[in-house]
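Undergrad: The amino acid sequence is not available; the structure is as follows:
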Ligand SMILES: CC(C)(COP(=O)(O)OP(=O)(O)OC[C@H]1O[C@@H](n2cnc3c(N)ncnc32)[C@H](O)[C@@H]1OP(=O)(O)O)[C@@H](O)C(=O)NCCC(=O)NCCS
């Protein structure tokens with residue numbers, strides 16, 4: 001693949017199918033992220049479909065510039081969607097949202113691969129502030145609202161629980177925060193990643 005944003009991801013699993021993680025740039029790729037999310041969050045976990053549709057309607061009908069970057073993990077060479085994650089820009093932080101891996105693929109460390117890929121993108125994005133006179137930050141906070149059974153997954157990456165559990169979309173969640181150091185070490189491909197919208 002010649003496109004810079006398409007790089008092979010590394011996982012610890014020897015048996016993992018061939019795959020790649022891309023920064024989403026086209027409506028078709030974004031739709032594939034929605035398809036994974038609908039399958040996992042609506043069909044499997046029974047969250048309201050509106051939760052996913054809202055964003056699609058906004059994009060298609062109003063062409064709103066979103067402050068979100070979507071990432072898609074797909075098999076190669078078939079390009080079949082397998083997983084997704086989204087990074088949303090806040091004022092002084094980022095939010096990790098919509099992490100989902102199709103059920104049949106939850107044994108290959110794909111969830112971890114998406115989180116690491118997203119962290120690399122955030123580390124680069126956070127220093128590309130339009131205020132060139134401001135010194136680059138040493139770290140950036142990434143917030144996620146974890147479903148309770150998944151807290152241990154995020155804890156593996158250093159996310160720490162903050163505050164009490166709360167209801168979101170009818171299900172208990174826990175705010176978790178990671179202070180991500182911003183340093184060197186990003187690959188050329190990773191450092192070129194920018195969201196399409
Ligand atoms: C959560 C999810 C994305 C994890 O993806 P995955 O590919 O199954 O997880 P990985 O294989 O990458 O797991 C990485 C590590 O976390 C561990 N882990 C995975 N799920 C975990 C959980 N629920 N609790 C604690 N640890 C977990 C794995 O055992 C693995 O540990 P290891 O590195 O010591 O081997 C996936 O299970 C999923 O899509 N679940 C449904 C949607 C969902 O709940 N999304 C999160 C919304 S907040």
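TA: Great, that's in hand. From a predicted model like this one, the values you see are computed outputs, not experimental measurements.
Undergrad: so the residue with the largest distance to the centre of the chain, which of the three states?
TA: Farthest-out residue of the chain from its mean C-alpha position, per C-alpha atoms, centre = their mean: residue 133, at 29.2 Å. What DSSP: H, G, I helix; E, B strand; the rest coil gives for residue 133 is coil.
Undergrad: likewise residue 104?
TA: Following three-state DSSP, we place residue 104 in the helix state.
Undergrad: got the residues of the chain near the ligand?
TA: Among all residues of the chain, those adjacent to the ligand (criterion: C-beta under 6 Å from any ligand atom) are 40, 99-101, 106, 109-112, 146-147, 149-150, 152-153, 156. All C-beta spots, glycine's among them, are computed from the backbone N, C-alpha and C.
Undergrad: Can you identify each of the strands in the chain by residue range?
TA: Per DSSP state E, the chain carries strands over the ranges 19-23, 68-75, 81-89, 93-101, 139-147, 160-161, 166-168, 171-181.
Undergrad: buried stuff in the longest one?
TA: Residues of strand 171-181 classed as buried by neighbour count (16 or more other C-beta atoms under 10 Å): 173, 174, 175, 176, 177, 178, 180.
Undergrad: out of these, who's nearest the ligand?
TA: Nearest to the ligand among the buried residues of strand 171-181 is residue 173, at 7.3 Å by C-beta to the nearest ligand atom.
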